[in-house]
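Novice: How does the following fold in three dimensions:
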Amino acid sequence: FDRYTKDPNWTFRRAVTPGLVLQGVLLSLYTLGAIPPVPLSLKHIGIYSSVGSVKDEKGRKRYELTYQPAPFWEFWAKQNDTWVGPLDSKPIVFVRIFAPTKFNDQVRFAWEYDDPDKGWTARGAPFSTSLSGGGEEGYRTYANSTMHKPGKYRVRVLTQDGREIGRKSFTFEEGEAPPTETELD
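Specialist: Now for the predicted structure:
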């Protein structure tokens, strides 16, 4: 160390000690329940017209996702943030969530409507679904909700204990559904 620094304790004070302190703080917060036990992250979320499972050429399960494409002038967006369909149609939220291997728990989907008088209001109890298995690309799951009136909606993806992993907002307009496109995930 003398070749790089005149003070041999410099490395310990500047690198090792802060790292150990941070690890101690994280362990304490985890023990107290202040941080989630499993690091979940939302890798993809989208609103789709239909979701179906298919097998690829290697026999792996894939999802066929049908979506309403964004208008051509929104060249940066793949999907339209305005979902068009008849009343009582059911848009589907599809998510890909990264979690550690052998993860086995539940996530919840909380659908909400932006009521002009009350603000964001829950549309019933959150729907829970299990996540297990998974793979390199994460866990995939989906849920739907019935659109009873036009307006702004959002779906929040939550852990079982209520922590938000991510969300997707969109506007629902009543009308004839536009042409769709399909992708595999």
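Novice: From now on I want contacts and neighbour counts done on CA atoms only, so please keep to that.
Specialist: Fine.
Novice: Tell me the pLDDT of residue 39.
Specialist: Residue 39 carries a pLDDT value of 68.
Novice: quick check: mean pLDDT across the one helix or strand residue 113 maps to?
Specialist: Using DSSP states H and E, the element containing residue 113 is strand 104-115. Per-residue pLDDT over strand 104-115 has a mean of 89.
Novice: buried set for it?
Specialist: 107-113 (16 or more other Cα atoms under 10 Å).
Novice: which helices and strands does that strand pack with?
Specialist: strand 119-122, strand 127-132, strand 151-159 (3 or more Cα pairs under 8 Å, 6 or more residues apart in numbering; DSSP states H and E).
Novice: Could I get the average pLDDT for the second one?
Specialist: In other words, strand 127-132. Rounded mean pLDDT across strand 127-132 is 81.
Novice: starting at the chain centroid, how far to that strand?
Specialist: Offset of strand 127-132 from its chain centre (Cα atoms, centre = their mean, to the nearest Å): 13 Å.
Novice: Next: the shortest one.
Specialist: Mean C-alpha position of strand 119-122 versus that of the full chain (Cα atoms, centre = their mean) differs by 20 Å.
Novice: if we look at that strand, which residues are touching it?
Specialist: Under the criterion Cα atoms under 8 Å, 6 or more residues apart in numbering, residues 110-115 lie in contact with strand 119-122.
Novice: and if you look at stretch 165-181?
Specialist: 40-42, 45-47, 66-69, 81-87, 147, 149-159.
Novice: ChimeraX command to pick out the buried ones of these?
Specialist: Buried residues among the contacts of stretch 165-181 (16+ other Cα under 10 Å), as a ChimeraX selection:
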select :40,42,45,46,47,66,67,68,69,81,82,83,84,85,86,87,147,150,151,152,153,154,155,156,157,158,159
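Novice: what would the buried residues of strand 104-115 look like in a markdown table with distance to residue 131?
Specialist: Converted to a markdown table, those look like this (distance: Cα to Cα, whole Å):
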| residue | distance to residue 131 |
| --- | --- |
| 107 | 7 |
| 108 | 10 |
| 109 | 13 |
| 110 | 16 |
| 111 | 19 |
| 112 | 22 |
| 113 | 26 |
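Novice: Report the two of those separated the most.
Specialist: With distances taken as Cα to Cα, the most widely separated pair in the buried residues of strand 104-115 is 107 and 113, at 20.0 Å.
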